[in-house]
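Enquirer: would you be able to build a 3D model of this:
(2 chains)
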Amino acid sequence: GQQVMQIPQYQHVQEGEDFTTYCNSSTTLSNIQWYKQRPGGHPVFLIQLVKSGEVKKQKRLTFQFGEAKKNSSLHITATQTTDVGTYFCTQAAGNKLTFGGGTRVLVKP
Amino acid sequence: NAGVTQTPKFRVLKTGQSMTLLCAQDMNHEYMYWYRQDPGMGLRLIHYSVGEGTTAKGEVPDGYNVSRLKKQNFLLGLESAAPSQTSVYFCASSPTGGNGYTFGSGTRLTVV
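Expert: I've put the predicted structure just below:
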């Protein structure tokens, strides 16, 4: 099935700095969902974007859906150690989610 | 307010043994899913169900069977375990196939 590609695969961030992870698709996405999985934990749903150009914020996290609905981004400001984990973007299609490899975020104190 | 509960949390099997993983949700969700996650990788869909009494294959269904006899429960069976099935198994549920999923805490299975 259709899969979104995430970049980068790994992100080493200094505590206090900002970073962005990106999802790209060669075809138009009907929606995009973001999940976070802490080390040793389970995926936790963060947000869903549906509209072209949509921007949503959750405290230090800003999620954006591209105008053409072919890409999405997650921007985290003032990174904290609690941001450590793997962030997945995925599309719900055909009543199911297909996950890619995600972006693994490591925070240097 | 349990959400999605998976049992057992850990299990070690010998090659050829069988077992059943249980997933239970108390949110009245129609859709339920079984994923497996291997080290450093994303989640791969094994089987899913769009309602009581229904099941469908995902991307890696071979070696697994499922049943959804009750809306709140989704069972994953391994008839003859193989070392390649060593993984972390996650169950998830959703009110519809397009909403955010709620995941269980996972079952860590080792086949020796």
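Enquirer: quick check: bridge partners of residue B:92?
Expert: Beta bridges link residue B:92 to residue B:33, residue B:103, judged by DSSP bridges.
Enquirer: residue B:73 now?
Expert: Here residue B:73 sits in beta bridges with residue B:24, going by DSSP bridges.
Enquirer: so what's it up against?
Expert: B:22-24 (CB atoms under 8 Å, 6 or more residues apart in numbering or on different chains). C-beta coordinates here come from the backbone N, C-alpha and C atoms, glycine included.
Enquirer: which positions in chain B make contact with chain A?
Expert: Residues of chain B found near chain A (CB under 8 Å from any CB of the partner chain) are B:31, B:33, B:35, B:40-45, B:48, B:50, B:58-59, B:90, B:92, B:96-106.
Enquirer: hmm, which of the residues you listed are the buried ones?
Expert: Among those, the ones that count as buried by 16 or more other CB atoms under 10 Å in any protein chain shown are B:31, B:33, B:35, B:42-45, B:48, B:50, B:58, B:90, B:92, B:97-104, B:106.
Enquirer: need the buried ones from the contacts of residue B:73 selected in PyMOL.
Expert: To isolate the buried members of these in PyMOL, using 16+ other CB under 10 Å:
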select buried, chain B and resi 23+24
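Enquirer: pull up the pairing partners for the one helix or strand in chain A whose mean pLDDT sits lowest, direction included.
Expert: Lowest by mean pLDDT, DSSP states H and E among the helices and strands of chain A is strand A:96-99, with a mean of 87. Applying DSSP bridges, strand A:96-99 is found paired with strand A:85-93 (antiparallel).
Enquirer: hmm, who's touching the partner strand?
Expert: Where contact means CB under 8 Å, 6+ apart, the residues beyond strand A:85-93 that reach it are A:1-2, A:4, A:6, A:21, A:23, A:25, A:29-39, A:41, A:43, A:48, A:72, A:74, A:97-100, A:102-105, B:42-43, B:97-99.
Enquirer: and these, which of them are in strands?
Expert: Counting by DSSP state E, the contacts of strand A:85-93 place A:6, A:21, A:23, A:32-37, A:43, A:48, A:72, A:74, A:97-99, A:103-105, B:43 in strands.
Enquirer: flag the shaky bits of the chain, pLDDT-wise.
Expert: Using chain A here. A:1-2 (pLDDT under 70).
Enquirer: that was the other one, I meant chain B.
Expert: B:1.
Enquirer: centroid residue for it?
Expert: Nearest to the mean C-alpha position of chain B, by CA atoms, centre = their mean, lies residue B:34 at 3.1 Å.
Enquirer: measure it to residue B:73 for me?
Expert: Residue B:34 sits at a distance of 12 Å from residue B:73 (criterion: CB to CB, to the nearest Å).
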